[in-house]
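Asks: how would this look folded up:
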Amino acid sequence: AVTTFDKHPAKPGESLHVTVEMTPKESGMFDETIMVKCNTEQSITLKIRGQAI
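Replies: Purely as a prediction, here's the structure:
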């Protein structure tokens, strides 16, 4: 997976963008987990499911 994201700190109430580009090695269904580390007490886990054609 290739990720790109806003590299400046978020101000209170501000949204930032994270982009994840998946390139599966084979066709068919895939499941991936992306961990987003931030300056809060807990990280955010993104679960991505898809179908490669």
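
Asks: Glu21 is in contact with Val2, isn't it?
Replies: Yes - here Glu21 reaches Val2: they are 4.5 Å apart, a contact under Cβ atoms under 8 Å. In short, each C-beta sits where N, CA and C put it, glycine included.

Asks: Let me see the ranges of the strands in this protein.
Replies: 2-5, 18-21, 28-36, 44-52 (DSSP state E).

Asks: Enumerate every residue touching the closest residue in space to His17 that isn't next to it in sequence.
Replies: Take His17 and drop its neighbours on the chain: the residue closest to it by Cβ to Cβ, 6 or more residues apart in numbering is Asp6, 5.5 Å away. Residues near Asp6 by Cβ atoms under 8 Å, 6 or more residues apart in numbering: Leu16, His17, Val18.

Asks: measure the first one to Ala1 for me?
Replies: Right, the one you point to is Leu16. According to Cβ to Cβ, to the nearest Å, Leu16 stands 18 Å off from Ala1.

Asks: Flag the shaky bits of this protein, pLDDT-wise.
Replies: Across the chain, nothing is flagged by pLDDT under 70.

Asks: Out of the strands of the chain, the one nearest Lys11 is which?
Replies: Closest to Lys11 of these is strand 2-5 (Cβ to Cβ; 15.7 Å).

Asks: ok, and what's touching the closest one?
Replies: Leu16, His17, Val18, Thr19, Val20, Glu21, Thr23, Ile34.

Asks: For that strand, output the C-alpha coordinates as PDB.
Replies: The C-alpha coordinates for strand 2-5 follow below in PDB (Å, rounded to 0.1, in the frame of the first residue of the first chain):
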ATOM      1  CA  VAL A   2       1.200   3.500  -0.800                       C
ATOM      2  CA  THR A   3      -0.100   6.300   1.600                       C
ATOM      3  CA  THR A   4      -0.100  10.000   1.200                       C
ATOM      4  CA  PHE A   5      -1.300  12.400   3.900                       C
END
